Structure formats: C-alpha cells, structure tokens
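Visitor: Below: sequence and its predicted model.
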Amino acid sequence: MTTIRQRKGGKVPEADEDQPSEEKNVKSEGKILSDHTGGKLWNILSLTVGGIVAIFLGLLTSVYVATLHENDLWFSNIKEVEREISFRTECGLYYSYYKQMIQAASIQQGIVNCEQYLEPVYFYIYTLFGLQAVYVIALYVTSWLLSGTWLSGLLAACWYITNRIDTTRVEFTIPLRENWALPFFAVQIAAITYLFRSHLQPAQERWTLLAVFVATFLFSLTWQFNQFMMLIQALALFILDCFDILPTAKVTRLYIIQISGLLLVCALQFFNSMILGSLLISFNASILIARTIQKNLKKGSLLSRLGKLILHALLVSSLTLLVNKFIKKILNLESDEHIFKFLKAKFGFGATRDFDASLYLCEEAFGLLPLNTFSRLSDTLLFYVYVFVLFPMTVTAVIVALRNLSCSNQALEKMEECTISLKPDAAYNLIHTVLFGCLALSTMRMKYLWTSHMCVFASFGLCSTEVWRLILKCVHLYTSQRTQVIKYLIPIITLLYILYKFWPGIMDELLELREFYDPDTVELMNWIKSNTPNTAVFAGSMQLLAGVKLCTGRTLTNHPHYEDKHLRERTKQIYQIYAKRSPEDVYRILRSFSTDYVILEDSICYERRHSRGCRLRDLLDIANGHIMDGLGENEPDLKPSLYPRFCEEIKKNLPSYTIHFTRVFQNKTFHVYKLAKHK
C-alpha cells in the first residue's frame, strides 16, 4: 500500500536509510507508548485521589451539620416531646407523616420498624444529614467536570462549608422539603454538565440521560416548588439552544425528561392536578410545537436569524400561556393562583389585598436579598471571585452567541479555530447561575439555589485554563506555562486563606453548647395529650397546629400545606380569631369545621415582629375592609369595625363570649378555649 511521507534531505543508499529509520520508529513508538501509559496512570491516580477527597468532604459536611444540630439543641438529652417541638412550623407537619408511618400496625400501613437498630428520629435526621454529603459531592463533581481538576471541587466544597449560613439551613430546619430536594437538584446539574461534554459515547450518553431523569424525578417528588425551578432551567436551555451554544438534540431530550419526570410525580401523588397545570409542562410542550411550525430557524444572515428568534420567542410565549390556560380551564385548577398574585404584586404590577398573597409579601424570606449577604460572601472571597469569573464568561458568551448567529454553516465547522470559544457545559452553568442569581436577588428564600452554585462556578473559573487564558491574553501576558502555574497557584492560595481565617471560628462554633428550651409549648402539648380526647379537633395558627398534629396526633382544621385552594380559604376563615369579628361569627365559623378547641397565641394577637400593615391582624383587617390598629394611614375605603378584636376581647370573660367559649388552659403564651356544642 502506497503512503505519503515527508521528504528526506536527499537520496541515500537503501541500506543506510532503512536501519536508522527503524531505530527511529522504535524509539518514537516507545516514547508514545510510555507517554500514553504514564498519562493513563496519572489520570487513574488523579481520579482516585479526587474521588476520595470528594467522599471525605461530603462526609465531613454531614458530620459538621449533625454536630451543630446536636450542640444547638442538646438533641440527645431532651425529651421526645421537646425533640418534636424543635421541628418548627411546616417542618413538624412533614415529620408527623413519618411518625405516622413508623407507628402503623403493619408494613402495608407504614414502613419497616427500625427501632431495634436506631431511634426513629435519628434515622430520619441522619438521612437528611447524609443527603448533605450527596449535595457536597455533587457540587464537587460539577466543579471538577467544568475545570478538569479536582482542586476546583475541593475549593467549591470548602466555600460551601465556610458560607454555611448562606448555602444551607438544614441544621435548624431539618424536615423542610428543600433539604430533601436540593441534593438531587445538584446531582441533576452534575449529570447535565457531563451530558454537554463533547465526544460522549452513545452508551455514556444513555446512562447520563438516565441519571438526569432519576435526579429530576426525585427532585420533583420532594419539593413543591420544583416546577418553578425547572421552568428557569428550561428557560436557560431554550436561550442557549436559540443561540446555537448547546446541541439541539440533547436539549430536546432534557425537555422530554422534565415533562416525563413531572408526569410520573403527578401519577405517584394521586394525580396531583397542580402539576398538570404547571407552566413548565406548558412551556416545554410549546417549544416542541413551535419547532414543528417554524423551520430553518438556524439559517440565514444575522438580521434574518434575529428576526426569526424574536418571532420564535413570541410564538413560544403565546403558546405557553394558551396551553396553560387551556389545561387549567379543562381541569378547573386554582391551586397556584396565590403564587401568581404574589408575583404580580411583588414586581409592581398592581397592589393586592389578597390575604394569601399578602402573607407571602410580608414574610422576610420572600423579600429582596439583604445586602449583608454579599458582605458575608465577600469575607470568604467567594463573591469577589464569582464576579471576577462571571464578567469574562458573560462577555465570551455574548461574543460566541453573536458569532454563531453571524456565521454560515461552513464557518461553524471551523469553530475550533476561533480564538474565543465557550464549551457547552460551561455555557449551561453560566446561564444557570445568572438566572438563579436573579431569582435569589428577588426572593431571599431562593438564595440557597444560587449560593451553592456560586461556589461551583467561582471555583471552576479560578481553576479553568480557558478563563485564565482569556484573561491573560487580554492583558498580553499569556503563555501556556504561566496559565498552568496560575490555575493551580491562585486556588491553593485561596484555600490557605480560607483555612487560616475560618478554621479557628469553626472550631469555636463546634465547642459552643446550647440546649432547647420552650416550656410553654411543652406544657401545652402535654396538657392536650392528657386532657383532651383523641378525636378532638383543634383550630389555631398553621404553624402551631403542625406541632399539635406531630406531638399529640389530634385532628386539625388547617395546617401549613398551602398549595390547596380550599385549605387556603379554610385557613383564612380560621384566622378570623385574630380579626375584629363578633363572638357569634367566630363561633359559627369554627363549628362549621367541627372545631372542639381553639388555641390563641399572644405572639400573634399582640404581634410586634412585623411592621404595621404586615402583622397578621392587619392583613385580616384589610381583607375584611376594616381600619388597622395603631397610628398610621389607612386606605380611604376601609371602615371601622363594629366589633373589637376577638383574641383580645375573649380574655375579658364577657357573657357574649363565655356562652360559646370556655377557657380550659392558659400559660404565658397560649390560651385554649373549648367550644360549646349548642343544639
């Protein structure tokens, strides 16, 4: 077989030519084989060390938050009722279902009893703390995949731990649904990051897609806000696909995975209709429909393609609204209307007097991200590095997007020759952090989605060859050797700084011992268990009743699950106990829900935590059309109530109240009244 080779210097005798050539080939092949073997061994060693470090840091985080929880409450020493009360607000409601399962008479009614191995409460909380290990490992792996070095993952994990106040709240809100969900979301992001790597084998791609599906399903199953988080994720995929930064085939598979995961969750949640009416399903379906209507979206000149993209975006938006409205009309869905009322009022599209929306608006967790968050993140250098990485990456993304729209198909084939490029996995994480950053800035409760990914993104940029190459070229200092030195030296210096500054504080924090103390609530729960029948029905605030259900097992009129319209309406009616209503009205409302006992809390009746206009009693007054208490302005159409505030007046034991309500328990915080059963 004839081959082409480079010319030699001149014609030489065959005998002289063959022998040196063979020697040269043998040496060359031996060198290549040696380099290949050495490189392979180095990769195996790096993978092994990096994996061990990832597992170690994950377990270390798990032990760290478990120790903080124990030190804060002295959980191992307090009574069972105190342990249960420590699960505040909706956390108590979620844990109560677990308690109900383990106390069931059979496996069919509950779950396998684990008491012979571990106390049920510890099995529960250790599972949550164990998921923190999964969370940190997923963040570590994502950063490693992006940068190509496990040093990046180490830095991401260290930032997550040292910024614990802003990256997680698991140690004091253990059963909260987001603590179950966010580790799976992090796993999903890691899998998507791997999916967008180039040159994946078909088998690798199939297994990665399966991992994405499983993580998406578990995330959707465990958190009620899953549809809104994945809608932002779908929007990120849509934007990047429109600018040819991501491969369309993989993006389409992700759309289908999101829809499939939600539909499976819908089926497992007894066909939860709220999921069917989610914007995510409507959005993803609209994208797939729009693609069949509009052809040749990725062909033409810059202006032509921009016009097509604008039209495409308008078509997808219109279809999303139409499909969503059609589904909600057919299924008569109103479960999430309070969220849209809240969003409308929050972003200045009109004030609202809606009680449910106002509850969200007045909660600090749903307000803007406080500025002191950035000072805390800056103390660990995280925010500074994040901005340092975000700026050049954003500029690169804009340049690449414009170039993709301008280039012809032939030019796109030569993309690797371009000086500025953006890998699909890095592009996805860039738009992900930008969109979730906007969400966190607007709604403080969602900051945990952003700050954890901020650790990933900042550490990736600090250890990335591509980022440092771009920066050094901009200042005319680029050499490959200098880039390699900087990408390792700067992260190591950062790690040493973090260790030096925060290790003593972490050690002091672990030595700080406190204990749970809430005698009034303990007294209330013990009284309910000892002095009321098991079938008694209790009314009160959502937060307190979650604890009543957990500690006593009594029946409730309402609880903190707020994704059901009828339950929201019922809660508003029950809360009339804190409004300016007549005793007859309140009694009639409570008895309509078969209430036997009502619990009044001084902390709500005389609330000072919120400012005027945001106290629960103020929200009720406005919703009822009554003037609020205290100095300050009122809306002109609000009128004085004909009756005093119920929670205050009932304590005077006036005949008009005692005929319906009898006080049976009180302490410094709570007042329990038994309702008369009139014929």
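Guide: All right, it came through fine. Numbering: from 1, shown residues only.

Visitor: Could you tell me the end-to-end distance of stretch 433-452?
Guide: Distance between the boundary residues of stretch 433-452 (C-alpha to C-alpha, to the nearest Å) amounts to 10 Å.

Visitor: ok, residue 536 - contacts?
Guide: 528, 554-555, 596-597 (C-beta atoms under 8 Å, 6 or more residues apart in numbering). Quick note: C-beta positions are derived from backbone N, CA and C, even for glycine.

Visitor: just residue 62 next, same as before
Guide: By C-beta under 8 Å, 6+ apart, the neighbours of residue 62 are 129-130, 132-133.

Visitor: How much space separates the nearest residue to it once chain neighbours are set aside from residue 147?
Guide: Nearest residue to residue 62 in three dimensions, chain neighbours excluded: residue 133, at 4.2 Å (C-beta to C-beta, 6 or more residues apart in numbering). Distance of residue 133 to residue 147, given as C-beta to C-beta, to the nearest Å: 22 Å.

Visitor: Mind checking which of these two has more residues around it?
Guide: residue 147 (26 against 21; other C-beta atoms under 10 Å).

Visitor: still on that earlier bit, shouldn't the residue nearest to residue 62 be in contact with residue 59?
Guide: Yes: using C-beta atoms under 8 Å, residue 133 makes contact with residue 59 at a distance of 5.4 Å.

Visitor: Sort out which residues of whichever helix or strand residue 568 is part of are buried, please.
Guide: Per DSSP states H and E: residue 568 is located in helix 565-574. Across helix 565-574, burial judged by 16 or more other C-beta atoms under 10 Å covers 565, 567-568, 570-574.

Visitor: Distance to residue 653 and pLDDT for these - can I get that in CSV?
Guide: Shown next, in CSV, are the buried residues of helix 565-574 (distance: C-beta to C-beta, whole Å; pLDDT from 0 to 100):
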residue, distance to residue 653, pLDDT
565, 37, 82
567, 33, 88
568, 33, 88
570, 28, 92
571, 28, 92
572, 27, 93
573, 25, 95
574, 22, 96
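
Visitor: Got the confidence number for the closest residue to residue 401 other than its chain neighbours?
Guide: Spatial nearest neighbour of residue 401, excluding adjacent residues (C-beta to C-beta, 6+ apart): residue 243 at 3.9 Å. Per-residue pLDDT puts residue 243 at 92.

Visitor: what's the burial count for residue 243?
Guide: The local packing of residue 243 (other C-beta under 10 Å) involves 20 other residues.

Visitor: Would you check that it makes contact with residue 404?
Guide: Yes: between residue 243 and residue 404 there is a contact at 5.6 Å, judged by C-beta under 8 Å.

Visitor: contacting residues for residue 518?
Guide: Counting by C-beta under 8 Å, 6+ apart, residue 518 touches 82, 85.

Visitor: Next: the one 5 residues further on.
Guide: The neighbours of residue 523, taking C-beta under 8 Å, 6+ apart as the test, are residue 667.

Visitor: Is it within a helix or a strand, and which one?
Guide: Assigned by DSSP H and E, residue 523 belongs to helix 519-531.

Visitor: pLDDT on that helix, on average?
Guide: Across helix 519-531, the average pLDDT comes to 96.

Visitor: Please put the alpha-carbon coordinates of that helix into PDB.
Guide: The C-alpha coordinates for helix 519-531 follow below in PDB (Å, rounded to 0.1, in the frame of the first residue of the first chain):
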ATOM      1  CA  PRO A 519     -41.500  25.300  78.500                       C
ATOM      2  CA  ASP A 520     -44.800  27.000  77.400                       C
ATOM      3  CA  THR A 521     -45.100  24.900  74.200                       C
ATOM      4  CA  VAL A 522     -44.100  21.700  76.100                       C
ATOM      5  CA  GLU A 523     -46.700  22.400  78.700                       C
ATOM      6  CA  LEU A 524     -49.400  23.000  76.100                       C
ATOM      7  CA  MET A 525     -48.600  19.700  74.200                       C
ATOM      8  CA  ASN A 526     -48.600  17.700  77.500                       C
ATOM      9  CA  TRP A 527     -51.900  19.200  78.500                       C
ATOM     10  CA  ILE A 528     -53.500  18.400  75.200                       C
ATOM     11  CA  LYS A 529     -52.400  14.800  75.400                       C
ATOM     12  CA  SER A 530     -53.600  14.400  78.900                       C
ATOM     13  CA  ASN A 531     -56.800  16.400  79.000                       C
END
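
Visitor: which regions of the stretch 551-679 of the chain lie under the pLDDT threshold?
Guide: Within the stretch 551-679 of the chain, the stretches with pLDDT under 70 are 679.

Visitor: At which residues are the helices of it located?
Guide: For the stretch 551-679 of the chain, the helices defined by DSSP state H, counting those that start in this stretch occupy 565-574, 583-592, 602-605, 616-623, 646-649, 655-658.

Visitor: Thanks again, I'm all set now.
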